[in-house]
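In: Predicted structure and sequence below. I'll ask about it afterward.
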Amino acid sequence: MPIKIPDQLPALAVLANENIFVMSENRAINQDIRPMQVAILNLMPNKIETEIQILRMLSNSPLQINIEFVRLHLNESKNTPKAHLDNFYRHFDDIKDKHYDGLIVTGAPLGKMDFEEVTYWPKIQQVFDWAQNNVTSTMYSCWAAHAALFHFYGLHRKLRTEKLSGVYRHQTLDPMESLTRGFDEEFLVPHSRFGDISEAEYRTIDELNVLGVADIAGVYLTASKDKKQVFVTGHPEYDSFTLSDEYQRDLTTSDDVSLPINYFPKDDPSAKALNSWRSHGCLLFSNWLNYYVYQITPYHLEGSDDNRTLLGKRK
């Protein structure tokens, strides 16, 4: 089964042209099935680009998934048309009484700011706490991963003197763990961030399992032992050209910008980069949907926490 997205969402045509199986709302209405309910809190400025990237990752699943886009506030965005936000996004305050099978919280371009300095920090903390009670499993990406680790476990990131940018080789630490089931022993993932938390600091938290690391990029994939939280510090959803676009953007503000590592062929920024990480990304999202969401979530989401427990879990 495919992901179900609104008929007019720009991602529908883009993904269909890539031969990715998506289903419009009109067609999905006629199917007698309980789809997964997944919310995406999109904190990125260019929301349409991020929508396409994440929906591409979610589409490689046999499950039917209803997607609901969420935003924290009603402010207009310089990078996304107001009409798009009004048509396809719901305000968090309007959905906070609902339950979801899964939630994805994206990264945000706030890499050098202290968390408490972020204008919506109290609001994002509210979302973090809400997800613990209203969502079966939440995936936190990049900035959101470090923010949630700070909020829940008090882990403090340190800022690198130079931006971590490039495609890095990672190792799977626990091949028997369901989230990394089917992973190669080594796999590639793009990173683009300033923040860093050492592996040693992760391992001071008994509730966390470190599942994927890289020599230079450090800890990439971590999950709570109860499967309610997944922390992804890299960007498996990135397009082939995303790091190139970021590199060119950074050059407009500074001459001292390093090439992304292991990205451009022969380190030639005029050459087209080839995507070497998409299969891993699709598998990560599929494993999360299956083993951390579908196999755990109750059949009926609505109602009290007691009802959610009594209704049982999927087999």
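Out: Yep, that arrived. Numbering: from 1, shown residues only.
In: From here on, just use CA atoms for contacts and neighbour counts.
Out: OK.
In: Run the chain-centre distance for the longest strand seen in the chain.
Out: Longest strand of the chain, by residue count under DSSP state E: strand 158-172. Mean-position distance between strand 158-172 and its chain equals 17 Å (C-alpha atoms, centre = their mean, to the nearest Å).
In: Any buried residues in that strand, and which?
Out: 163-172 (16 or more other C-alpha atoms under 10 Å).
In: Tell me where this protein has strands.
Out: Under DSSP E, the chain gives strands at 3-5, 22-24, 36-41, 65-71, 89-91, 100-105, 135-141, 158-172, 186-196, 208-214, 218-224, 229-232.
In: Specify the stretch among those that is closest to Y263.
Out: Among the strands of the chain, the nearest to Y263 by C-alpha to C-alpha is strand 158-172 (5.8 Å).
In: Now do the closest one against strand 218-224, angle only.
Out: 80 degrees (axes from the mean of the first three to the mean of the last three C-alpha atoms, to 10 degrees).
In: Between strand 208-214 and strand 158-172, find me the angle.
Out: Using the same axes, to 10 degrees: strand 158-172 against strand 208-214 is 90 degrees.
In: Show me what strand 158-172 is packed against.
Out: strand 186-196, strand 208-214 (3 or more C-alpha pairs under 8 Å, 6 or more residues apart in numbering; DSSP states H and E).
In: Pipe these into TSV and attach distance to N46, mean neighbour count and mean pLDDT per row.
Out: As requested, the helices and strands packed on strand 158-172 are exported to TSV (distance: least, C-alpha to C-alpha, whole Å; neighbours: other C-alpha atoms under 10 Å; pLDDT from 0 to 100):
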stretch	distance to N46	mean neighbour count	mean pLDDT
strand 186-196	16	21	96
strand 208-214	28	19	98
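In: And those strands: which comes nearest K272?
Out: Across the helices and strands packed on strand 158-172, closest to K272 is strand 186-196 (C-alpha to C-alpha), at 15.4 Å.
In: Neighbouring strands - and their directions - for the closest one?
Out: strand 158-172 (antiparallel) (DSSP bridges).
In: Quick one: end-to-end distance for stretch 76-83.
Out: End-to-end distance for stretch 76-83, by C-alpha to C-alpha, to the nearest Å: 10 Å.
In: what's the answer for stretch 271-281, then?
Out: 23 Å.
In: what comes up buried for that stretch?
Out: 273, 275, 277-278, 280-281.
In: next one: stretch 117-137
Out: 124, 127-128, 131, 134-137.
In: ok, now which ones touch the spatially most central residue of the chain?
Out: Residue closest to the mean C-alpha point of the chain, counted by C-alpha atoms, centre = their mean, is S141 at 4.3 Å. The contact partners of S141, by C-alpha atoms under 8 Å, 6 or more residues apart in numbering, come to 104-107, 231-235.
In: switch to 7 Å and redo it
Out: 105-107, 231-233 (C-alpha atoms under 7 Å, 6 or more residues apart in numbering).
In: Now render those residues as JSON lines, adding distance to K98.
Out: As requested, the contacts of S141 are exported to JSON lines (distance: C-alpha to C-alpha, whole Å):
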{"residue": "V105", "distance to K98": "16"}
{"residue": "T106", "distance to K98": "20"}
{"residue": "G107", "distance to K98": "23"}
{"residue": "F231", "distance to K98": "23"}
{"residue": "V232", "distance to K98": "25"}
{"residue": "T233", "distance to K98": "27"}
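In: Got a PyMOL select line for the buried ones in these?
Out: To isolate the buried members of these in PyMOL, using 16+ other C-alpha under 10 Å:
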select buried, resi 105+106+107+231+232+233
